[in-house]
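Peer 1: quick check, what structure comes out for this input:
(one chain, ligands or ions: 2)
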Amino acid sequence: APLLSARGIDKAYGPTPALAGADFSLRAGEVVAVMGPSGSGKSTLLHCLAGIVRPDGGTIHYDGRELTAMSDAQRSALRRSDFGFVFQFGQLVPELTCVENVALPLRLNGTRRKEAELRAREWLARLEVEDVAGKRPGEISGGQGQRVAVARALVTAPRVIFADEPTGALDSLNGERVMALLTDASRDTGAAVVLVTHEARVAAYSDREIVVRDGSVRDTEWAA
Ligand code: ADP
Ligand code: ADP
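Peer 2: Ligands and ions are numbered 1, 2, ... in the order given. So this is what the prediction gives:
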């Protein structure tokens, strides 16, 4: 059985639907690229799968549990324990240093400061940005910021990483490097990745690609 699956997902923000009958499946450890034109519903699909947005219809299952039947508090707890997030603009906390930013998800899960910062430093080193540990996000480059964001997404050893245009604000060289580091780390740790992108060059780092068109995905995996 897939780790994460969705069937017939509907979501509308107004009169026009953002998603209409979208299907999706993700196996443990798999990297899936969600492609499609701007406005096709890619981010909405990611937000539904990650339990951030509650769909109007359809069902989502994660690891044998029905995500769409959970309360807001249950989904929020699941996001903290099992999911990691990387967005287009790192969304690091500007007041915290980079090592404190990476340690934050561990601190929220109850890990002591010393242990959390030790593990955060290990992840910064792995993403080749240990030198920015003591700097604040405003003092580092975009490429460095995205590496810090990837370290923060991985530090809790999530089973699924949700990455929404993670290289969208980077030049192609930095973008490729961040994708290589992200996919290497996910393979090493066994984390699956849902990667939203409109760039073929970025999708090339995935195991499988699906395409969203006008709010609909026919995930070919279901036919198998
Ligand atoms: P993509 O990620 O493929 O660019 P989105 O999922 O962001 O597509 O958007 C799909 C559609 O839903 C678009 O028409 C967009 O304008 C609309 N939409 C997305 N998020 C919101 C929101 N929070 N409020 C209103 N409309 C939204
Ligand atoms: P990258 O190759 O990661 O994009 P850059 O070549 O842009 O890095 O930046 C090199 C150095 O310049 C970085 O180590 C960083 O300290 C500094 N730097 C880059 N951009 C900024 C910025 N917007 N604000 C402050 N310092 C920056």
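
Peer 1: hang on, Glu3 packs against Gly190?
Peer 2: If you look again at residue 3, you'll see it is Leu, not Glu. No - checked against C-beta atoms under 8 Å, the pair Leu3 and Gly190 is beyond contact range at 10.5 Å. C-beta coordinates here come from the backbone N, C-alpha and C atoms, glycine included.

Peer 1: between those two, what contacts are shared?
Peer 2: Listed as contacting both Leu3 and Gly190 by C-beta atoms under 8 Å, 6 or more residues apart in numbering are 28, 159.

Peer 1: between those two, who's got more neighbours?
Peer 2: Leu3 (18 against 10; other C-beta atoms under 10 Å).

Peer 1: tell me how far stretch 160-176 is from the chain's mean position?
Peer 2: Taking C-alpha atoms, centre = their mean, to the nearest Å, the mean C-alpha location of stretch 160-176 is offset from the chain mean by 11 Å.

Peer 1: that stretch near ligand 2 at all?
Peer 2: Yes - when contact is scored as C-beta under 6 Å from any ligand atom, part of stretch 160-176 falls within range of ligand 2: Asn174.

Peer 1: and the residue nearest to the spatial centre of the chain, which of the three is it?
Peer 2: When the chain is reduced to its mean C-alpha position, the nearest residue by C-alpha atoms, centre = their mean turns out to be Phe162, at 1.4 Å. Using DSSP: H, G, I helix; E, B strand; the rest coil, the three-state assignment for Phe162 comes out as strand.

Peer 1: list, one by one, the residues from the protein near ligand 2.
Peer 2: Residues of the chain lying near ligand 2 by C-beta under 6 Å from any ligand atom: 139-144, 174.
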